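> Quick check, what structure comes out for this input:
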Amino acid sequence: MGHLDHATFGWLTPVLSYVMACTGAALGLRCTVRALGATGRSRRNWLLTAASAIGTGIWTMHFVAMLGFGVHGTDIRYDVPLTILSLLVAMLVVSAGVFAVGYGRERGRSLLVGGLTTGLGVASMHYLGMAAVRLHGDVTYDPVKVALSVVIAVVAATAALWAALNIKSPLAVTVASLVMGAAVSSMHYTAMFAVDVRVTPSGEVLPGATAMQFIFPLAVGLGSYLFLTSAFVALSPTTGEREATASAQRPVEVAR
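Okay, the predicted model is just below:
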């Protein structure tokens, strides 16, 4: 039985992964608020930005946390195609959930459908990412903890979409993003505590890439995307600010 270490770098990876989850949640909520106040192509673009932010934040949170994952007695490698697929799944399912809320006529039904879809997608992303792990041994899961992690994912996703529909002020969005970051992190570590590894010592070279060769550069790139997009959204005027500017310019144009 291999001893699992979920924080080989101490508190660095759990804290950094939580920050990434909060950043993605905050950016996604702000973009969704902007989308609900817009129409046409502008609404679609804001929703796409929201989906990419939340999906990127969740995926980056997962794999930053995985940088601290180790098993005594074996090296760990990652299957690159499966890892990329997990990122695509995160993007697609979050997009489905966000668009269900952004364009749904009945908010209650849209919230339930969007939350269920997004939550199951987040769980699928996590377990696809775990399926990409290559090590010397067999990986098994505690079904009760797996089921609990899926429930947490669905509840967290539903709460995030509810917040996007009902929370408008920047302070409230900040608080909601902190809560959402905690929920996503709880889902991840609940799922990780469901993992059990039976190590089989071997001298064979494992296929795939190490975390530092592949996961770390990709996580840094996606994290940079989140922070740059956050700056863009912060500097972009809201619909209300644009309307106020336009109304302030009208008397000047009439006077001329």
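> and the longest helix anywhere in the chain, how far out from the chain's middle?
Of all the segments of type helix in the chain, defined by DSSP state H, the longest one is helix 40-66. Taking CA atoms, centre = their mean, to the nearest Å, one finds the center of helix 40-66 at 7 Å from the center of the full chain.
> what helices or strands is it leaning on?
When contacts are defined as 3 or more CB pairs under 8 Å, 6 or more residues apart in numbering; DSSP states H and E, helix 40-66 packs onto helix 12-36, helix 80-103, helix 107-131, helix 170-193, helix 216-235. Yep, even glycine has a C-beta here, placed from its N, CA and C like the rest.
> if we compare the ones you listed, which one ends up closest to Glu204?
Across the helices and strands packed on helix 40-66, Glu204 has its closest neighbour in helix 80-103 (18.7 Å, CB to CB).
> okay, the closest one in CSV with CA atoms only?
Below are the C-alpha coordinates for helix 80-103, written out as CSV (Å, rounded to 0.1, in the frame of the first residue of the first chain):
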residue,chain,number,x,y,z
VAL,A,80,-0.9,14.4,-22.0
PRO,A,81,-3.9,13.8,-24.3
LEU,A,82,-6.1,12.8,-21.4
THR,A,83,-5.0,15.8,-19.4
ILE,A,84,-5.8,18.1,-22.3
LEU,A,85,-9.2,16.4,-22.7
SER,A,86,-10.0,17.1,-19.0
LEU,A,87,-9.4,20.8,-19.7
LEU,A,88,-11.7,20.7,-22.8
VAL,A,89,-14.4,18.9,-20.7
ALA,A,90,-14.2,21.6,-18.0
MET,A,91,-14.6,24.4,-20.6
LEU,A,92,-17.5,22.7,-22.5
VAL,A,93,-19.6,21.7,-19.5
VAL,A,94,-19.2,25.1,-17.7
SER,A,95,-20.2,26.8,-21.0
ALA,A,96,-23.3,24.6,-21.1
GLY,A,97,-24.2,25.6,-17.6
VAL,A,98,-23.5,29.3,-18.0
PHE,A,99,-25.4,29.6,-21.3
ALA,A,100,-28.4,27.7,-19.7
VAL,A,101,-28.5,30.4,-17.1
GLY,A,102,-27.7,33.3,-19.4
TYR,A,103,-30.4,32.4,-21.9
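> Determine the set of other helices and strands touching that helix.
helix 12-36, helix 40-66, helix 107-131, helix 143-166.
> Ala159 versus the residue nearest the centre of the chain, what's the distance?
Among the residues of the chain, Ile58 comes closest to the average C-alpha position under CA atoms, centre = their mean, at 1.7 Å. Counting by CB to CB, to the nearest Å, the gap from Ile58 to Ala159 is 14 Å.
> Now the longest helix of the chain: buried residues?
Within helix 40-66, the residues that qualify as buried are 43, 46-66, counting by 16 or more other CB atoms under 10 Å.
> what do you get for stretch 149-164?
149-150, 152-154, 156-164.
> Of those, which is the nearest to Leu218?
Ala153 (21.8 Å).
> Would you mind stating the distance between the closest one and His3?
27 Å.
> I'd like to know how far the spatially closest residue to Ser177 that is not a sequence neighbour sits from Gly55.
Leaving aside its chain neighbours, Ser177 sits nearest to Ala26 (3.5 Å; criterion: CB to CB, 6 or more residues apart in numbering). Ala26 sits at a distance of 14 Å from Gly55 (criterion: CB to CB).
> What are the phi and psi values at Phe69?
For Phe69, the backbone dihedrals (degrees, to the nearest 10) come out as phi -90, psi 130.
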